[in-house]
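Student: no sequence on this one, just coordinates:
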């Protein structure tokens, strides 16, 4: 069993839809939770960064972390064709593991006009 | 402000050869991490360099080695290349060992093909 599980999709939605992306994890030591966006042939770009449980909002993006359920989510409101990319969840235990991220497989999202 | 830069962008090697990939961190960053991303997979942690020393290492064999220079730039070396080493190699930079260290900034990667 992988430490981080992410549904690879692919996910196809119409423009303006609300998108929900999810990851589950098994390592209870994870404290830092991130979402990255990766366009084709590019490196991952940090979208959201959360420490411990709770919600964080940034524009059209909302990240949720539920440590009790070992479950994190990313919501994208009013999705745009430019949001079409692969979305990667990533986690870290921090402490002596600072900078060592464990990634999910990535979910391929397509937003069509 | 220059982001993370990697060179070369693409590389083709044959089995058994050796390869060196290079990375310059984002301005102001002092920590460099390397990741391997196979097609259709998430990145996997190889190792991390801080103050010119390897600080952490993932589950990669000793064929994978690295170096960090006084100007914080870094190299990834892979010896005795295998077909399975074909992947996108990503360099990520961050600042020190603080809470913000988890905010990694990635370069566009080097696509390595082993024939």
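Tutor: Happy to help now that I have it. If you're wondering where the values come from, they're calculated on a predicted model, not measured in any experiment.

Student: Show me what from chain A comes close to chain B.
Tutor: Within reach of chain B by C-beta under 8 Å from any C-beta of the partner chain, chain A has these residues: A:4, A:6, A:8, A:32, A:34, A:36, A:41-46, A:49, A:51, A:88, A:90, A:92, A:94, A:96-106. C-betas here are computed from N, CA, C, even on glycine.

Student: In chain A, mark out all the strands, start to finish.
Tutor: Along chain A, counting by DSSP state E, strands occupy A:4-6, A:11-14, A:19-25, A:32-38, A:45-51, A:54-58, A:61-66, A:71-76, A:85-92, A:102-103, A:107-112.

Student: Make CSV out of these and add mean pLDDT.
Tutor: Formatted as CSV, those follow (pLDDT from 0 to 100):
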stretch, mean pLDDT
strand A:4-6, 95
strand A:11-14, 96
strand A:19-25, 97
strand A:32-38, 95
strand A:45-51, 92
strand A:54-58, 92
strand A:61-66, 96
strand A:71-76, 96
strand A:85-92, 96
strand A:102-103, 96
strand A:107-112, 96
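
Student: Put together a markdown table for the ones you listed, with mean neighbour count on each row.
Tutor: Formatted as a markdown table, the strands of chain A follow (neighbours: other C-beta atoms under 10 Å in any protein chain shown):
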| stretch | mean neighbour count |
| --- | --- |
| strand A:4-6 | 20 |
| strand A:11-14 | 14 |
| strand A:19-25 | 19 |
| strand A:32-38 | 23 |
| strand A:45-51 | 17 |
| strand A:54-58 | 12 |
| strand A:61-66 | 18 |
| strand A:71-76 | 20 |
| strand A:85-92 | 24 |
| strand A:102-103 | 22 |
| strand A:107-112 | 17 |
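
Student: where does chain B have low pLDDT?
Tutor: Applying pLDDT under 70 to chain B flags residues B:1, B:97-102.

Student: hey, where'd the strands end up in it?
Tutor: B:5-7, B:10-13, B:19-24, B:31-37, B:44-50, B:53-57, B:64-68, B:74-78, B:87-94, B:105-106, B:110-114.

Student: nearest to residue A:79, of these?
Tutor: Among the strands of chain B, strand B:105-106 comes nearest to residue A:79, with 23.2 Å by C-beta to C-beta.

Student: Which strands border that closest one, and is each parallel or antiparallel?
Tutor: Strand B:105-106 has the following sheet partners, assigned by DSSP bridges: strand B:87-94 (antiparallel).

Student: ok so, going back, would you turn the strands of chain B into TSV with mean neighbour count and distance to residue A:62?
Tutor: Formatted as TSV, the strands of chain B follow (neighbours: other C-beta atoms under 10 Å in any protein chain shown; distance: least, C-beta to C-beta, whole Å):
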stretch	mean neighbour count	distance to residue A:62
strand B:5-7	16	32
strand B:10-13	13	37
strand B:19-24	19	32
strand B:31-37	26	26
strand B:44-50	22	27
strand B:53-57	14	31
strand B:64-68	18	37
strand B:74-78	21	35
strand B:87-94	25	24
strand B:105-106	21	22
strand B:110-114	18	33
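
Student: Including distance to residue A:81, could the ones you listed go into a markdown table?
Tutor: Below are these laid out as a markdown table (distance: least, C-beta to C-beta, whole Å):
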| stretch | distance to residue A:81 |
| --- | --- |
| strand B:5-7 | 28 |
| strand B:10-13 | 28 |
| strand B:19-24 | 32 |
| strand B:31-37 | 24 |
| strand B:44-50 | 30 |
| strand B:53-57 | 38 |
| strand B:64-68 | 38 |
| strand B:74-78 | 35 |
| strand B:87-94 | 24 |
| strand B:105-106 | 23 |
| strand B:110-114 | 26 |
